[in-house]
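Colleague: compute the structure for the input listed below.
(chains A and B)
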Amino acid sequence: MLEKVVAAERTLPDFDNPPAVETLMGVHFTPIEKWQGPYFGLFWSRIKKDYPRVELQPPVVDAPTPELALAQLQSRMELPVRCWFFNQDETRLIQVQRNLFLHNWRKVERTDKYLHYDNLRPIFEKEWQGFRTFLLDEGLGEPGIQLCEVTYVNHIDRGSGWETFADLSDVFPNWCPATSGNVLPTPQLVAINTSYPLKGVGGRLQINAQPSVRQTDAKETIQLIVTVRCKPSSSSNQDIYRCLDEAHRWVILGFTDFTGRKMHDIWGRKT
Amino acid sequence: MSSPVLERARPQLEKPSQNQWSKVTSLFSSAPWVLDALHGIARLAELPANWDGYGSPRIDPRAIAAASRFVASVAFESLPSPHVVPVLGGSIGLHWRCGTRELEFTFQADGAVEFLKVIGPDIDSEESMEEGTLRRETETSGLKLLLWMIGTP
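Modeller: Model (predicted):
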C-alpha cells in the first residue's frame, strides 16, 4: 500500500527530491480523564501485529491552548509517559499519550522514496479510527480535540545548495547577512525562528531552522522544521481530516515560500 | 525511557518539535570545538593512498562515520578540543589531553574502537598506561573515559 502512489492531482508545489526526512500528523486533545498506564498495553495488544516494538518516552509538555495548560497543571502528579509504537521496518511510528495521538513517517535510508501526504493520510485515518474505537470499547469516552498538527522535518545538508552561512540567503531569501557598519564577518552559525498567524484557519505556522549534526551519519545539515497547528471546527473525524488537509496545505505553501528558487531547482520542483 | 538526569548530562538534543523522531545535535548548543573536529575528520577522507609513505590505504569511510558520530555524541563544552589524526591502516585517531591525563581513541574500519589511557608525566612507564577496546555502547563507554580524563569521578 505504501508503495502505491495515489493518483490524486496535486495542485500544491511538488518536488522530485524534497529534503523532507520526516513528516507527522496528528491531534492534541483534552486529557482522557480515566487514562491509566495499563491502557498503553491494552492499546498495543490491538496494533502489535503492525507495530511490534514499543518504547517509553517522556511526554510532550507543550500546552498551546488554555485547556491543555490547565489539564497539565492538574495532572502533574500522574506518571508522565508517552508511548512510541514502531512498525516492522521502523519507517512509521504511532505516538500516544493521554492527550495526544500522532503518526510519524521517516526516511531511514537516503535512497528511500519520499511518501506524500496523500499516501500517509489514509494510514493516519485507519490508525486514528482504531484508537477512537479502542477508547469507546474501554469506556474512556470521546476525545475532545483541541488542535490538529502537521509537521515536516527537512534536512538541507551542507554541500547541497549551501557551503557556508554566507550562502544562507540562497536557501532562505528572507535572511540578509548585511550589518549596519560592515564590521562583523560572515556568521559561523545562524538559526531562524518564525511564526505566522493563519487567520483563515485559526492556527499558526511555525518555521524553525537550526544548524545541526545528524546523529545517524554526523553530517552537517540545516534542520528546517515547518509546523502548522490549527483548531478543527469540532471533534468529528470529518472536521479533523479537513483541518489536517488545511494544515498540510499551509506547511507546503510555507515551506515553498520560505525557501529560495535555487533550492527549488535542486529539489526538482515540478509544480 | 530516557532518564531526566541523563538528558541533562548529555549534549542538548535540539527538539524544537518534541514530537520529532529523527535526532540531531544542535550546533548552537554544542561545544565550539565540535565543528572544527568534524571538519578535521571530513578532511581525512581526502588523503590519498600511501598518505604516510608506508603504503597505508585511504582512510576508510566507515572509520570516518564512526569518528564523526562519536564526536557528535560527546559535544560537551567542558571537554577540550581533540586532535584529529590519520592512523596507519586507514583508521582515525582522536586524541584528548587534559592536564596530566591523555586519552586516545582509534576508530577502525571494522567498527572496533580502541582506547589508550595515559596518566602522569612519565608516559613511557607501563604503569601509567592502560589500553583496551570499546566493544559495545561505544558512546557510553567513551564518555566514561572522557569523564575520567577531565577528572570527574
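
Colleague: name the residues of the stretch 151-271 of chain A found near chain B, please.
Modeller: For the stretch 151-271 of chain A, the residues in contact with chain B (Cβ under 8 Å from any Cβ of the partner chain) are A:151, A:153, A:155, A:188-189, A:191, A:193, A:208, A:210-221, A:223, A:225, A:227. Where you see a C-beta, it was placed from the backbone N, CA and C, and this is true even at glycine.

Colleague: what sits against A:Thr91?
Modeller: A:Leu2, A:Trp105, A:Arg106, A:Lys107, A:Val108, A:Asp112 (Cβ atoms under 8 Å, 6 or more residues apart in numbering or on different chains).

Colleague: I'd guessed B:Leu27 sits against B:Ala37; true?
Modeller: No: using Cβ atoms under 8 Å, B:Leu27 makes no contact with B:Ala37, being 11.8 Å away.

Colleague: need the per-residue pLDDT for B:Ser128.
Modeller: Looking at B:Ser128, its pLDDT is 82.

Colleague: so what's it closest to, chain neighbours aside?
Modeller: Excluding the flanking residues, the one nearest B:Ser128 by Cβ to Cβ, 6 or more residues apart in numbering or on different chains is B:Gly120, at 4.3 Å.

Colleague: so how many other residues sit close to that neighbour?
Modeller: Residues near B:Gly120, counting by other Cβ atoms under 10 Å in any protein chain shown, number 12.

Colleague: low pLDDT regions in chain A?
Modeller: A:1-10, A:62-79 (pLDDT under 70).

Colleague: one more: chain B?
Modeller: B:1-17, B:121-127, B:152-153.

Colleague: what ranges does it have for its helices?
Modeller: Secondary structure of chain B by DSSP state H: the helices cover B:4-9, B:33-44, B:61-73, B:138-149.

Colleague: same thing with chain A?
Modeller: For chain A, the helices defined by DSSP H occupy A:38-47, A:66-74, A:117-137, A:168-171, A:237-258, A:261-266.

Colleague: what helices or strands is the shortest one leaning on?
Modeller: Right, the one you point to is helix A:168-171. Helices and strands touching helix A:168-171, by 3 or more Cβ pairs under 8 Å, 6 or more residues apart in numbering or on different chains; DSSP states H and E, are helix A:261-266.

Colleague: change it to 10 Å
Modeller: strand A:203-214, strand A:220-230, helix A:261-266 (3 or more Cβ pairs under 10 Å, 6 or more residues apart in numbering or on different chains; DSSP states H and E).

Colleague: so who does residue 92 touch?
Modeller: In the absence of a named chain, chain A is used. A:2, A:24, A:50-51, A:85-86, A:103-106, A:115, A:120, A:123-124, A:127, B:21 (Cβ atoms under 10 Å, 6 or more residues apart in numbering or on different chains).

Colleague: not quite, I wanted chain B
Modeller: B:Ile92 touches B:40-41, B:44-45, B:59-60, B:63-68, B:70, B:84-86, B:105-109, counting by Cβ under 10 Å, 6+ apart.

Colleague: let's see that with 7 Å instead.
Modeller: B:Ile41, B:Leu44, B:Ile59, B:Ala63, B:Ile64, B:Ala67, B:Pro86, B:Phe107 (Cβ atoms under 7 Å, 6 or more residues apart in numbering or on different chains).

Colleague: who is it paired with across the strands?
Modeller: Here B:Ile92 sits in beta bridges with B:Pro86, B:Phe107, going by DSSP bridges.

Colleague: not counting its neighbours along the chain, what's nearest the closest residue to chain A within chain B?
Modeller: Nearest to chain A in chain B, going by Cβ to the nearest Cβ, is B:Ser68, at a distance of 3.1 Å. What sits nearest to B:Ser68 in space, not counting adjacent residues and going by Cβ to Cβ, 6+ apart, is A:Ala218, at 3.1 Å.

Colleague: picking that back up, number of nearby residues for the residue of chain B closest to chain A?
Modeller: Neighbours of B:Ser68 (other Cβ under 10 Å): 22.

Colleague: just how off-centre is stretch A:263-271 within its chain?
Modeller: The chain centre lies 22 Å from the centre of stretch A:263-271; the measure is Cα atoms, centre = their mean, to the nearest Å.

Colleague: revised request: answer the last question for stretch B:58-72.
Modeller: Relative to its chain's centre, stretch B:58-72 lies at 9 Å (Cα atoms, centre = their mean).

Colleague: do the same with stretch A:90-102
Modeller: With Cα atoms, centre = their mean as the basis, the mean position of stretch A:90-102 lies at 11 Å from the chain mean.

Colleague: endpoints of that stretch, how far apart?
Modeller: End-to-end span of stretch A:90-102 (Cα to Cα, to the nearest Å): 15 Å.

Colleague: buried residues, that stretch. List them.
Modeller: Using 16 or more other Cβ atoms under 10 Å in any protein chain shown as the test for burial, stretch A:90-102 gives A:Thr91, A:Arg92, A:Leu93, A:Ile94, A:Gln95, A:Val96, A:Gln97, A:Arg98, A:Asn99, A:Leu100, A:Phe101, A:Leu102.

Colleague: mind listing what the nearest residue to the fifth one once chain neighbours are set aside touches?
Modeller: When you say that, I think you mean A:Gln95. Leaving aside its sequence neighbours, A:Gln95 sits nearest to A:Leu102 (Cβ to Cβ, 6+ apart; 4.2 Å). Taking Cβ under 7 Å, 6+ apart, we find A:Leu102 in contact with A:Leu24, A:Gly26, A:Gln95, B:Asn19.

Colleague: show me what A:Leu102 bridges to in the sheet.
Modeller: A:Gly26, A:Gln95.

Colleague: and it, how far from A:Val27?
Modeller: Using Cβ to Cβ, to the nearest Å, we find A:Leu102 at a distance of 8 Å from A:Val27.

Colleague: nice, that's everything, thank you.
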